[in-house]
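Enquirer: have a look at this prediction, sequence included:
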Protein chains: 2
Amino acid sequence: MMDAVQDEAAGKRARGLDRAFEILDFLRHKRQALKPNEIAAQIGAPRSSVYELVNLLLRNGILEFTGGEGRVYLGRKLYFLGAAYENHFDFTRECEATLERLADETRETAQFCMLDGNKYTVVRMREGARPFRISTDIGQSVPIPWTASGRLLVAHLSDQEILNFIPPEDFRLPSGEWLEPQTFIAEVRQAEREGFFTFNSIVDSFTHCFAVPVRDDEGHVAGTLCLVTPRDDGLANRERYLACLKQAAADLNQTPTRQKRA
Amino acid sequence: MMDAVQDEAAGKRARGLDRAFEILDFLRHKRQALKPNEIAAQIGAPRSSVYELVNLLLRNGILEFTGGEGRVYLGRKLYFLGAAYENHFDFTRECEATLERLADETRETAQFCMLDGNKYTVVRMREGARPFRISTDIGQSVPIPWTASGRLLVAHLSDQEILNFIPPEDFRLPSGEWLEPQTFIAEVRQAEREGFFTFNSIVDSFTHCFAVPVRDDEGHVAGTLCLVTPRDDGLANRERYLACLKQAAADLNQTPTRQKRA
DNA sequence: TGTCGATGTCCAATATATTGTACATATGAC
DNA sequence: GTCATATGTACAATATATTGGACATCGACA
């Protein structure tokens, strides 16, 4: 409830485009088809506006009817656009291979993560060979401060920019504990200096997380490679796992986000 | 030039949303980053509008700066949205496996194709094992009447709907020849009856194409599986290839576009 | 030097998109 | 039967988005 996060002031009209992408993002996170009415109620938008926009998006193939009863979900056109992005910044192929290698070498869960707006998200994942699997939902948005990768993904920002960028409520950890922003920033700077970050996950109580940065052509941190391990394994193999990650990141950096194939 | 295809009447204003997706589709087909100015010129839109929209889309992560000089291309958010679509209609995994099997069995190029608006497009492709490879760009839009799959993809429409759906100029073949719409419709009905369509490609002079429908839960044709072969091979192995395709489609239909995993 | 084209910004005018509201229908509770 | 809720449609009012055009800058070029 109260999902109208970005509303600037008060009773202003929302721009159609913004509202449209709010709808798309909402469906993405819901991961299911919804009726226009439900969408309107849950994102707190005027019903007439949502009906209008949904119809526009349907006509453009951005949304599709699915699930019956007039429910809509993301459409095929988005798939094509996403595929074009993936093709242009052709990280996917090397990424899959790298994750596979990482998972083989460590038998742990390996992930490639990026920022999605001001959240953290797992883009690709390869589960480890352990009998006890640790896995995350890919494509879910998670507050940046909750993750090891988060320390690396905002390292290019100044302290103030970081504070502006991350929604304040995201410093409230799932345990209910409050992570002091200054503490977080200190960790960001430390991760920046050392070129990696590791810690016992603050999302659960039994995993240890490793993250190293992956940089794009211009040297910016474009994403991270991570390992999620049981705590004892992580501590026992710390140096080896870090070495594996760094090597993998170096390989990825070697073939930076390159232009199209031809 | 004259890309303003969908403009209803004359000097009307364009809706922001429509123009926005026009920009996205344009970039997708150009397959390269462009300056806002270039976009405006090439799609025939007012420069001020394009600058406004591009900035909006940049703020939403739908577009990204890339390629320098202020050039923009499709953004990461589109990738996430596309991945969510792909995840929901989980055709991809089975699809890849099916294409691989097809390519193995026939040593020919196998494709999975769908409609993209009122065009045909190759979604996934697996190149055959032949020394002489035949391949197509994936994600490119091609007029429906130029392809074997096209006969199947519009079969659910009435004659009149087909005529309304396909832009008239798409009946002009790449050779310059004119394909009579009634001829095309007759082929559509034939394909519908027989459950497949094959012909010597009208895009080039040396390939033969096979297409069979893939249906979704509700029995609609959601896409097609195709083989693109050298003409003599295609004619020599016609029955076997058709059997392979039908079997593959049956396998895909068995696991129809299913809901999410959990 | 002056001219031209390409690029980006700024701004006012008006065509229109967004929205509140009313209306219509179906369903289920009681 | 009545009432409440969920769902979709229709429409007018006004807040604003789209647009044309002016303006500034830069590099090329003669």
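Expert: Arrived safely, thanks for sending.
Enquirer: other SSEs contacting the longest helix belonging to chain A?
Expert: For chain A, the helix with the greatest residue count under DSSP state H is helix A:238-254. Contact here means 3 or more C-beta pairs under 8 Å, 6 or more residues apart in numbering or on different chains; DSSP states H and E; on that basis helix A:238-254 packs against helix A:92-106, strand A:207-215, strand A:221-230. (C-beta placed from N, C-alpha, C; glycine too.)
Enquirer: can you mark which positions in that helix are buried?
Expert: Buried residues in helix A:238-254, counted by 16 or more other C-beta atoms under 10 Å in any protein chain shown: A:241-242, A:244-246, A:248-249, A:252-253.
Enquirer: go on, stretch A:226-236?
Expert: Neighbour-count burial for stretch A:226-236, counted by 16+ other C-beta under 10 Å, picks out A:226-230, A:233-234.
Enquirer: and if you look at stretch A:40-49?
Expert: Those would be A:40, A:43, A:45, A:49, for stretch A:40-49 by 16+ other C-beta under 10 Å.
Enquirer: say whether DNA strand D is contacted by it.
Expert: Yes - among the residues of stretch A:40-49, A:41, A:47-48 lie within reach of DNA strand D under C-beta under 7 Å from any atom of the strand.
Enquirer: distance between the ends of that stretch?
Expert: 8 Å (C-alpha to C-alpha, to the nearest Å).
Enquirer: in which helix or strand does residue A:67 reside?
Expert: Assessed by DSSP states H and E, residue A:67 sits outside every helix and strand.
Enquirer: per-residue confidence for the single nearest residue of chain A relative to DNA strand D?
Expert: Nearest to DNA strand D, among the residues of chain A, is residue A:70, at 3.0 Å (C-beta to the nearest atom of the strand). Note on residue A:70: pLDDT of 92.
Enquirer: count the residues that sit near the nearest residue to it once chain neighbours are set aside.
Expert: Nearest-residue entry for residue A:70: residue A:35, 5.5 Å, with adjacent residues in sequence omitted and distances by C-beta to C-beta, 6 or more residues apart in numbering or on different chains. The local packing of residue A:35 (other C-beta atoms under 10 Å in any protein chain shown) involves 15 other residues.
Enquirer: what's the neighbour count on the residue of the stretch 1-150 of chain A found nearest DNA strand C?
Expert: Closest residue of the stretch 1-150 of chain A to DNA strand C, C-beta to the nearest atom of the strand: residue A:16 (1.8 Å). Other residues lying near residue A:16 total 17 when counted by other C-beta under 10 Å.
Enquirer: repeat for residue A:190
Expert: Neighbour count of residue A:190, defined by other C-beta under 10 Å: 13.
Enquirer: surely it meets residue A:197?
Expert: Yes - counting by C-beta atoms under 8 Å, residue A:190 does reach residue A:197; the two are 7.5 Å apart.
Enquirer: list residues touching both of the two?
Expert: Overlap of the contact sets of residue A:190 and residue A:197 (by C-beta atoms under 8 Å, 6 or more residues apart in numbering or on different chains) consists of residue A:151.
Enquirer: let's have the buried residues of stretch A:40-49 in TSV, adding distance to residue A:105.
Expert: Below are these laid out as TSV (distance: C-beta to C-beta, whole Å):
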residue	distance to residue A:105
A:40	49
A:43	43
A:45	48
A:49	52
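Enquirer: with secondary structure added, can I get those residues in a markdown table?
Expert: Output for these, formatted as a markdown table (DSSP: H, G, I helix; E, B strand; the rest coil):
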| residue | secondary structure |
| --- | --- |
| A:40 | helix |
| A:43 | helix |
| A:45 | coil |
| A:49 | helix |
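Enquirer: near DNA strand C, from those?
Expert: A:45, A:49.
Enquirer: now the two most distant members of the buried residues of stretch A:40-49.
Expert: Pairwise distances across the buried residues of stretch A:40-49 peak at 10.3 Å for A:43 and A:49 (criterion: C-beta to C-beta).
Enquirer: quick check: buried residues in stretch A:55-71?
Expert: If you call a residue buried by 16+ other C-beta under 10 Å, then stretch A:55-71 has these buried ones: A:56-57, A:60-64, A:66, A:71.
Enquirer: so among these, where is pLDDT lowest?
Expert: In terms of pLDDT, residue A:66 ranks lowest among those, with 90.
Enquirer: okay but it is in contact with residue A:35, surely?
Expert: No - between residue A:66 and residue A:35 there is no contact under C-beta under 8 Å: 11.5 Å.
Enquirer: anything in contact with each of the two?
Expert: By C-beta under 8 Å, 6+ apart, residue A:66 and residue A:35 have these common neighbours: residue A:72.
Enquirer: compute the inter-axis angle for the helix or strand harbouring residue A:77 and strand B:221-230.
Expert: Using DSSP H and E, the element containing residue A:77 is helix A:76-88. On the basis of axes from the mean of the first three to the mean of the last three C-alpha atoms, to 10 degrees, helix A:76-88 is oriented at 40 degrees to strand B:221-230.
Enquirer: check which helices and strands helix A:76-88 sits against.
Expert: Taking 3+ C-beta pairs under 8 Å, 6+ apart as the contact cut, helix A:76-88 packs with helix B:16-30, strand B:72-74, helix B:76-88, strand B:109-116.
Enquirer: from residue A:218, how far off is the residue nearest to the spatial centre of chain A?
Expert: The centroid of chain A falls nearest to residue A:121 when counting by C-alpha atoms, centre = their mean (1.3 Å). Between residue A:121 and residue A:218 the computed distance is 22 Å (C-beta to C-beta, to the nearest Å).
Enquirer: ok, residue A:107 next?
Expert: Distance from residue A:107 to residue A:218, counting by C-beta to C-beta: 34 Å.
Enquirer: more neighbours, those two?
Expert: residue A:107 (16 against 10).
Enquirer: find the nearest non-adjacent residue to that one, please.
Expert: Nearest residue to residue A:107, sequence neighbours excluded (C-beta to C-beta, 6+ apart): residue A:129, at 4.3 Å.
Enquirer: let me see the confidence value for that neighbour.
Expert: Per-residue pLDDT puts residue A:129 at 75.
Enquirer: OK, contacts around it?
Expert: A:103-104, A:107.
Enquirer: can you tell me which of those is closest to residue B:76?
Expert: Residue B:76 lies nearest to residue A:103 out of these, by C-beta to C-beta, at 24.0 Å.
Enquirer: could you export the helices and strands packed on helix A:238-254 as a markdown table, including distance to residue A:161 and mean pLDDT?
Expert: A markdown table is the format used below for the helices and strands packed on helix A:238-254 (distance: least, C-beta to C-beta, whole Å; pLDDT from 0 to 100):
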| stretch | distance to residue A:161 | mean pLDDT |
| --- | --- | --- |
| helix A:92-106 | 27 | 90 |
| strand A:207-215 | 17 | 95 |
| strand A:221-230 | 14 | 93 |
